[in-house]
Structures are given as C-alpha cells and as structure tokens.
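Enquirer: Coordinates only, no sequence provided:
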C-alpha cells in the first residue's frame with residue numbers, strides 16, 4: 001500500500017465480494033456472445049472497489065492459462081452488458097463502472113517459488129543454517145553455563 005492510500009473499508013470489501021460473485025455467475029452462464037469471451041472458462045479472482053463505490057476493477061484469469069489480452073478486450077466490449085446484469089443481481093444505489101485487469105498474482109507466486117527453489121538460494125540457506133549452528137555452539141545455552149557453578153546458588 002503506498003502512502004496516502006488507506007486499507008479498504010468493510011463496505012468496499014463486502015461490495016467487492018458481492019460484485020465478484022455476481023460477475024462470476026454471469027460469466028459462468030455463458031450469455032456473453034463476444035468471440036473472445038464466449039466458451040472460455042474465466043476465473044474472477046478479486047474485485048476492488050473505489051472508496052466512493054463508483055469504480056470497480058475486476059481481476060480475471062483465463063482458467064487453464066491462455067491469452068488474457070484477447071479475454072480482457074472481449075470483457076471490455078461486454079462491459080455494458082455485464083454492468084446491466086450486475087445491476088439486476090446486486091442491490092446498490094449505483095452500479096460501479098467496471099474495468100478489467102489480468103490477475104498476475106499466480107504468475108508472481110510461481111516466480112517467487114521458482115527463485116526460492118533455485119540452487120543459489122538453497123546454498124545460501126544451508127550456509128546460513130550452518131553459521132547459526134556454529135554461533136549457538138560457541139555461545140552455549142545460558143542454562144549450560146549455570147550448571148557448572150560452584151558458588152552454592
């Protein structure tokens with residue numbers, strides 16, 4: 001979160017989740033006739049809503065991978081239809097303007113996982129563990145130092 005941005009309110013989170021369920025339901029029905037969207041399984045991962053609830057960003061990924069650029073273009077063309085259908089399903093004074101974005105969190109997580117399992121990182125972790133073990137042996141445990149006292153305490 002950058003400076004000046006606040007965490008989303010409970011209302012934003014609740015509206016975002018309602019919108020996510022509604023949009024996922026509409027996409028699941030398969031009513032959209034756009035060639036880039038029709039017949040393609042889509043996962044709606046998150047919907048973030050602006051503080052004034054007038055704008056919502058819908059994060060999507062094509063199920064099983066594939067071209068997200070054409071999917072986003074198709075969803076952009078189907079935006080008026082989606083907004084109309086959302087208005088029927090969700091009770092809001094004003095339905096937010098929808099924008100669509102590819103969700104890259106899974107790609108980022110895979111990349112981080114790959115980096116963590118790389119030989120260079122594994123070597124550093126093993127070296128770091130042996131350094132900690134050497135430090136523990138050199139310092140000793142405080143209880144070990146107290147056992148040898150002869151002062152009667």
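Expert: Thanks, I have it. The model shown is predicted, which means the values in this text are computed figures rather than measured ones. Numbering: from 1, shown residues only.

Enquirer: residues near residue 76, how many?
Expert: Residue 76: 15 surrounding residues under other Cβ atoms under 10 Å. In this view, the C-beta of every residue, glycine as well, is placed from N, C-alpha and C.

Enquirer: And the residue minimising distance to the centre of the chain, how far from residue 36?
Expert: The centre of the chain sits closest to residue 105, judged by Cα atoms, centre = their mean, with a distance of 5.1 Å. Distance from residue 105 to residue 36, counting by Cβ to Cβ, to the nearest Å: 22 Å.

Enquirer: repeat for residue 46
Expert: Distance of residue 46 to residue 36, given as Cβ to Cβ: 21 Å.

Enquirer: Show me which of these two is the more surrounded one.
Expert: Taking neighbours as other Cβ under 10 Å, residue 46 and residue 36 compare with residue 36 leading, 18 against 15.

Enquirer: ok, back up a step: ok, the residue nearest to the centre of the chain to residue 129 distance?
Expert: 30 Å.

Enquirer: likewise residue 39?
Expert: Taken as Cβ to Cβ, the span from residue 39 to residue 129 is 51 Å.

Enquirer: returning to that earlier point: find the nearest non-adjacent residue to the residue nearest to the centre of the chain, please.
Expert: Leaving out its chain neighbours, the residue that sits closest to residue 105 by Cβ to Cβ, 6 or more residues apart in numbering is residue 45, at 7.2 Å.

Enquirer: Quick check, pLDDT for the one you found.
Expert: At residue 45, the model reports a pLDDT of 91.

Enquirer: Are we agreed that it is in a strand?
Expert: Yes: Residue 45 forms part of a strand when assessed by DSSP: H, G, I helix; E, B strand; the rest coil.

Enquirer: With residue 27 as the reference, measure out to it.
Expert: Counting by Cβ to Cβ, the separation of residue 45 from residue 27 is 12 Å.

Enquirer: List of residues touching stretch 51-64?
Expert: By Cβ atoms under 8 Å, 6 or more residues apart in numbering, the residues outside stretch 51-64 that reach it are 6, 8-9, 11-12, 15-16, 19-20, 23, 40-50, 68, 71-72, 75, 92, 94, 96-103, 106.
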